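**Student:** Okay, predicted coordinates and the sequence, questions at the end:
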Amino acid sequence: AQTVTQSQPEMSVQEAETVTLSCTYDTSESDYYLFWYKQPPSRQMILVIRQEAYKQQNATENRFSVNFQKAAKSFSLKISDSQLGDAAMYFCAYRSVLNNNDMRFGAGTRLTVKP
Amino acid sequence: KAGVTQTPRYLIKTRGQQVTLSCSPISGHRSVSWYQQTPGQGLQFLFEYFSETQRNKGNFPGRFSGRQFSNSRSEMNVSTLELGDSALYLCASRAGLASQETQYFGPGTRLLVL
């Protein structure tokens, strides 16, 4: 079964600085999707960025970018120019193409942004 | 478009009771998934419904059940509540079943079992 691991329970970053959140996953499949979701204190989960496994180019969404290393099964999220509003729980998630009903989430990383 | 809505937002029940949670997906979305979120176990997949059919089910006991109506609204039921069922229950919808489709989450229902 696929598992998603986020080894950093908590991270902290100074406002305007850059922070990288780690995520690794375990799968024997070659085709899948990876996601980063953000859950602010209000609890509404929001999609931050998505990566398709068959695309070598790393996804980017404004200040958010990923470093996708398929061979290493690593999918880290880089947040540039951190803002106070970035403070939240960040979840890494995996969805198989073969069994696309099943989405697996990591345990989450709590990001604190210091002014 | 209105987002995913969940009712009620907060619920307090006692052990042994049953509870029904409701989820209204984004208009036009036909897939609804349910997740349980707890500090200890994180986000765990409960089940997904598409066109009134359960497509997949996570590793939860039979006390957890759900259904989907013809208008894509979904309900989740937990019978014989246990203390460990206290959690945030999240509902998410997506347009169809394609793997690349984004899931949009609701605000959740926080259930406390006493």
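**Tutor:** Received the coordinates, thanks.

**Student:** Not counting residues beside it along the chain, what's closest to B:T20?
**Tutor:** B:N77 (5.0 Å; Cβ to Cβ, 6 or more residues apart in numbering or on different chains). Where you see a C-beta, it was placed from the backbone N, CA and C, and this is true even at glycine.

**Student:** Which residues are in contact with the one you found?
**Tutor:** B:18-21, B:64-67 (Cβ atoms under 8 Å, 6 or more residues apart in numbering or on different chains).

**Student:** let's go with 10 Å and repeat that
**Tutor:** Residues counted as contacts of B:N77 (Cβ atoms under 10 Å, 6 or more residues apart in numbering or on different chains) are B:18-21, B:63-67.

**Student:** following the helix or strand it falls within, which helix or strand comes up?
**Tutor:** Assigned by DSSP states H and E, B:N77 belongs to strand B:74-78. Later in the chain than strand B:74-78, the nearest helix or strand by DSSP H and E is strand B:87-94.

**Student:** what lines up beside the helix or strand just after that following strand in the sheet?
**Tutor:** Per DSSP H and E, strand B:87-94 leads on to strand B:104-105 as the next helix or strand towards the C-terminus. Strand partners for strand B:104-105, identified by DSSP bridges, are recorded as strand B:87-94 (antiparallel).

**Student:** Just want the angle from the strand it pairs with to strand B:74-78.
**Tutor:** On the basis of axes from the mean of the first three to the mean of the last three Cα atoms, to 10 degrees, strand B:87-94 is oriented at 160 degrees to strand B:74-78.

**Student:** what's the spacing between strand B:87-94 and its chain's center?
**Tutor:** The chain centroid and the centroid of strand B:87-94 are separated by 5 Å under Cα atoms, centre = their mean, to the nearest Å.

**Student:** again with stretch B:15-23
**Tutor:** Relative to its chain's centre, stretch B:15-23 lies at 11 Å (Cα atoms, centre = their mean).

**Student:** List the buried residues for it?
**Tutor:** For stretch B:15-23, a neighbour-count test (16 or more other Cβ atoms under 10 Å in any protein chain shown) marks B:19, B:21, B:23 as buried.
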